[in-house]
Structures are given as C-alpha cells and as structure tokens.
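Enquirer: Predicted coordinates and the sequence they were generated for:
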Amino acid sequence: MPIEPTNMTFPLWGLAIFILWTIAVVIFLLAVRIRHLSAGGSVKDFSTQNDDSLLWRLFRVQSNLIENLPLYLGVVFLLTVRGVSGTAVDLLIVVYILFRLVHSAIHIAGLDPKFRLFSLVIQLSCLVALTIMAVL
C-alpha cells in the first residue's frame, strides 16, 4: 500500500531545519578536529573540558543538539499524529527553532552562559506549550 506524501507543516520544516543544523555543526566539528590534528594536536584534546576551546564548545553544541533532537521529534510526532496545527503552533515552532539556533551560536561563540540559559528557558517553554496543545 503506497504512502501518500504529506504537506510540509511548520513542525516538519522545523524538524528539517533542526536536522540540517545538527549536520552543519557536526561538519564544522569535524573540520576543527581535522585542523587540530593537522597542526599536531592530540586526539586526547577532544575530551578535554575547556570552555575557551572551540573544539570543546563545538563538541558540547553537537552533544546538546543530539540530546534535544528526540524531545523536538516527539513533539512533532504528537502534533502530526493528532493533526494539531494553527497559528499558535506555527509561532511556537518558529520561536523554538530560532532559539535552538541562537543557543548553539551563543555556545560556539563562547558568550556568557546566562544567554544560553535564557535561550534554553524559552525553548523548554515552547516544547511544554506544544506538548500541552498536542495532547489536549
């Protein structure tokens, strides 16, 4: 039985952006690792916790994206299966994805962690609101 294609909704576009951003960060991390090794750096440096190191910050950003992807994927699944949509859903998705990207950029740039915390609070608020909308 063939599966009918579904129109791309805001939650699905958000998922596509999330995945593409994660891939971009992984590619950036690989490039920085290769550059580090080419300059005589050690593989042991990859796990050295150092917030001043771009290598470490990229590793943490990549890990954080991988940790958060299942949460967003679950919300998208609930919204899609339940057929929940509308302006409020679209707006929350846009805000969530925007602040997910901002969160990563703040971390990569090594800016004050308070900004990341602010971004995380906004993201979690969006996910909670979207989850409530999906199940009610």
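Expert: Received it, and whenever you're ready, just let me know what you need. Numbers count the residues shown, from 1 in each chain.

Enquirer: C-alpha only now, for contacts and for neighbours.
Expert: Will do.

Enquirer: Near Asp112, how many other residues are there?
Expert: Residues lying near Asp112 (other CA atoms under 10 Å) number 10.

Enquirer: How about the contacts made by the closest residue in space to it that isn't next to it in sequence?
Expert: The shortest distance from Asp112 to any non-neighbouring residue, by CA to CA, 6 or more residues apart in numbering, is to Ile106 (7.7 Å). Counting by CA atoms under 8 Å, 6 or more residues apart in numbering, Ile106 touches 112-113, 115-116.

Enquirer: any idea which helix or strand carries Ile106?
Expert: Element membership for Ile106, per DSSP states H and E: helix 87-109.

Enquirer: Buried by neighbour count: which residues of that helix qualify?
Expert: Under the neighbour-count criterion of 16 or more other CA atoms under 10 Å, helix 87-109 has 89-90, 92-104, 106-108 buried.

Enquirer: for stretch 59-78, same thing?
Expert: In terms of neighbour count (16+ other CA under 10 Å), stretch 59-78 has its buried residues at 59-62, 65, 72-73, 75-76, 78.

Enquirer: any idea how far the most centrally placed residue in the chain is from Phe59?
Expert: By CA atoms, centre = their mean, the chain has its centre lying nearest to Leu65, at 4.2 Å. In this view, Leu65 and Phe59 are 10 Å apart by CA to CA, to the nearest Å.

Enquirer: Kindly report the same for Thr48.
Expert: Where Phe59 is concerned, Thr48 sits at a distance of 10 Å (CA to CA).

Enquirer: which among the buried residues of stretch 59-78 gets closest to Leu120?
Expert: Leu65 (11.8 Å; CA to CA).
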